[in-house]
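Colleague: Starting from these lines, generate the structure:
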Amino acid sequence: MKKLITTTIFFILLYSCYSQIVEKQKIININSIDSLIINYPYQKVFRFDTFQIKNQTDTLMFVFYNNTEVDTKVIGYYKNGNKYREFCSKNGKLLGWDYRWYKDGSIWWESYHDSILTVPTIEYYNNGRIHYFSNIDKKKNSGVSVFWYDNGRKKEEKICIDTTISGFLNFSYLETGELIFRTIYNLGKQNYLYLYPNGDTLILGEIYNTEFNLVGKWHEWYEDGVKKREYFFDENQPNVKTGTWSWWDEEGKLIKQEVYKNNELIEEKKFLPFDENKN
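Modeller: Predicted coordinates:
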């Protein structure tokens, strides 16, 4: 009991000291606490300063300097007394676990640093569910990263599949769980697939490294499966239109065609609606 009372008194005195220092300290606006620590002068004696982070007007930071295994230990607090962030740095680089919290005290972020890599990184929603996870090693291009919706369903997934040119599989999902997108990036020519929520194909084509480089033959369909459009890009020059582009209405009737050569429109045809009752 005596120990509990002593501990309580200690924290009351510490908080009182903290409040007085906050009142006396000049608050300076900075964009990032990380850049501040990296560029802050190294001190071998214990001290702390108060900073206000831009876009987080209620955040006050304590910066603790010591001469142990790390150069600097940083603990940040919200005005309500809850922790905002806690991490260490050495030689101007983050070292070890970096923890961040929401204002209500629930965990927001966890990442581990070894001065070179940041693996893993975990971000949480305020409701405690995981928002983001990544254990990707950028040097080896290995690992996965995943985003989730706040209902717990997977939103997007990236899987590294090549160690030399940063190739990866990419999947996207609706909030209700259905897969709507799938492709492979940074591995040359690959299929590009976009789906309707019911699983039917919406768009199918080819890309070169990214979805911004379209090559080859492309198709689009209406939700009921009727073809909507067919079009072509040069096989070796992304986004260069070529060949005959065709459009159909929802009943499957051809309504328009455009002919391209070297990305230039050279002919256009529009088709009148066909009336079956007309002789």
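
Colleague: which residues of the stretch 151-279 of the chain score low on pLDDT?
Modeller: For the stretch 151-279 of the chain, the stretches with pLDDT under 70 are 164, 273-279.

Colleague: That one: strands as residue ranges?
Modeller: For the stretch 151-279 of the chain, the strands defined by DSSP state E, counting those that start in this stretch occupy 154-160, 168-173, 179-185, 189-195, 201-208, 210-221, 227-233, 243-248, 254-261, 264-270.

Colleague: send the alpha carbons of the longest one over as CSV?
Modeller: As requested, C-alpha coordinates have been extracted for strand 210-221 and formatted as CSV (Å, rounded to 0.1, in the frame of the first residue of the first chain):
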residue,chain,number,x,y,z
THR,A,210,1.4,-0.8,-64.9
GLU,A,211,-2.2,-0.2,-65.6
PHE,A,212,-1.2,3.1,-67.2
ASN,A,213,0.6,1.2,-70.1
LEU,A,214,-2.1,-0.4,-72.2
VAL,A,215,-1.1,-2.9,-74.9
GLY,A,216,-2.8,-5.5,-77.1
LYS,A,217,-6.5,-6.4,-77.3
TRP,A,218,-9.0,-5.1,-74.7
HIS,A,219,-12.6,-6.1,-74.0
GLU,A,220,-15.5,-4.6,-71.9
TRP,A,221,-18.8,-6.2,-71.1
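
Colleague: And that strand, how far out from the chain middle?
Modeller: Relative to its chain's centre, strand 210-221 lies at 24 Å (Cα atoms, centre = their mean, to the nearest Å).

Colleague: Check the fifth one too.
Modeller: How far strand 201-208 lies from its chain's middle: 23 Å, per Cα atoms, centre = their mean.

Colleague: Use 584 as the first number from now on
Modeller: Taking 584 as the first residue, the last one we looked at is strand 784-791.

Colleague: residues in contact with that strand?
Modeller: 766, 771-779, 796-804, 806, 821 (Cβ atoms under 8 Å, 6 or more residues apart in numbering). Quick note: C-beta positions are derived from backbone N, CA and C, even for glycine.

Colleague: how about a cut-off of 7 Å?
Modeller: If you take Cβ atoms under 7 Å, 6 or more residues apart in numbering as the criterion, strand 784-791 is touched by 766, 771-779, 796-804, 821.

Colleague: hey, C-alpha coordinates of that strand in PDB?
Modeller: Output in PDB follows, covering the C-alpha atoms of strand 784-791 (Å, rounded to 0.1, in the frame of the first residue of the first chain):
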ATOM      1  CA  THR A 784     -15.800  -9.900 -66.200                       C
ATOM      2  CA  LEU A 785     -16.100  -6.100 -66.700                       C
ATOM      3  CA  ILE A 786     -12.700  -5.400 -68.300                       C
ATOM      4  CA  LEU A 787     -10.100  -7.700 -69.700                       C
ATOM      5  CA  GLY A 788      -6.900  -6.600 -71.400                       C
ATOM      6  CA  GLU A 789      -3.100  -6.500 -71.200                       C
ATOM      7  CA  ILE A 790      -0.700  -4.000 -69.600                       C
ATOM      8  CA  TYR A 791       3.000  -3.400 -69.600                       C
END
